[in-house]
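Asks: give me coordinates for this.
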Amino acid sequence: MMTSNSTFAGVHFSYGRKPFTLALLDDDLDLIMHPKCDMEEVSALLSEPDSVTVCVTANSSFRSAKSANTNSMFYEQLEQLSFRPYPAKNETRQWFKVNADESFATLLQKKLLSRRTLEGRIQRALVLHDQGLQINDPMEFFEEITRYRLIQGILPLENLYTSKELDALVAAYAAWLTVHRPGQFIIQGEFILPSQE
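Replies: Here you go, the predicted structure:
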């Protein structure tokens, strides 16, 4: 159940039976939920709050015509749920796109490590944590590592967000910025690029 006045949703497209990774933030940057969703579930979650800003990661890759079709259907669903492209004056349900890698690179202002690596995932999580998102502290990962665990190849990866989850989180953060820090992003067509203060 949503308890905040506004909800900020980051959506990452993928493929498979539940192709959406969804991150929902409230006004205080608390993570409300972070599920893997199908179209019906994501529609239900986005239709519940009165005020929602949705940000979709545009760097999601489509591996098939079915994936591209899901993408198209999602935008149609947003329209049916009364979402309007940002900026829409006096609208409480808006959407836009963001490039997750560009957003992370802008927020970091240093070299962005590959999303495919462990250190790249930790780096992205640290960027979000430093921005104030109430997410797992990525540095706690290192507290769980012991000599024995390393030798056995047992790493506490369940405590780290996946690259898809991180993309959805940075998208949700971009959505939050449009309401709470309007001076901290740049509009480039239908894309938003977060920026440092």
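
Asks: identify the residue spatially nearest to residue 122, adjacent ones excluded.
Replies: Distances taken as Cβ to Cβ, 6 or more residues apart in numbering put residue 138 closest to residue 122, at 4.8 Å, once the chain neighbours are dropped. All C-beta atoms are positioned from the backbone trio N, CA, C, and that covers glycine.

Asks: what about that neighbour, distance to residue 159?
Replies: Distance of residue 138 to residue 159, given as Cβ to Cβ, to the nearest Å: 8 Å.

Asks: which one's more surrounded, these two?
Replies: residue 138 (19 against 14; other Cβ atoms under 10 Å).

Asks: who touches that one in this structure?
Replies: Residue 138 makes contact with 122, 125-126, 129, 160, according to Cβ atoms under 8 Å, 6 or more residues apart in numbering.

Asks: over to residue 56?
Replies: 11-13, 74, 95-98, 171.

Asks: and which of those residues is nearest to residue 50?
Replies: Nearest to residue 50 among the contacts of residue 56, counting by Cβ to Cβ, is residue 95 at 15.3 Å.

Asks: mind putting the contacts of residue 56 into a markdown table with distance to residue 43, secondary structure and neighbour count?
Replies: Shown next, in a markdown table, are the contacts of residue 56 (distance: Cβ to Cβ, whole Å; DSSP: H, G, I helix; E, B strand; the rest coil; neighbours: other Cβ atoms under 10 Å):
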| residue | distance to residue 43 | secondary structure | neighbour count |
| --- | --- | --- | --- |
| 11 | 11 | strand | 27 |
| 12 | 16 | strand | 24 |
| 13 | 14 | strand | 22 |
| 74 | 9 | helix | 20 |
| 95 | 13 | strand | 24 |
| 96 | 18 | strand | 24 |
| 97 | 18 | strand | 21 |
| 98 | 20 | strand | 28 |
| 171 | 17 | helix | 32 |
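
Asks: which one of these is nearest to residue 108?
Replies: For the contacts of residue 56, the nearest to residue 108 is residue 98 (15.0 Å; Cβ to Cβ).

Asks: could you check how far the closest one is from residue 20?
Replies: 15 Å.

Asks: go on, residue 14?
Replies: For residue 14 relative to residue 20 (Cβ to Cβ), the value is 7 Å.

Asks: name the residue in the two with the higher neighbour count.
Replies: Ranked by neighbour count (other Cβ under 10 Å), residue 14 and residue 20 place residue 20 first, with 24 against 18.

Asks: name the element the spatially most central residue of the chain belongs to?
Replies: Note on the chain: the residue nearest the mean C-alpha position is residue 168, at 1.8 Å, using Cα atoms, centre = their mean. Residue 168 is located in helix 163-180, with elements delineated by DSSP states H and E.

Asks: buried ones in the helix or strand of the chain with the lowest mean pLDDT, by neighbour count?
Replies: Least confident helix or strand, the chain: helix 140-143 with a mean of 77, by mean pLDDT, DSSP states H and E. If you call a residue buried by 16 or more other Cβ atoms under 10 Å, then helix 140-143 has these buried ones: residue 141.

Asks: I appreciate the help and will end here.
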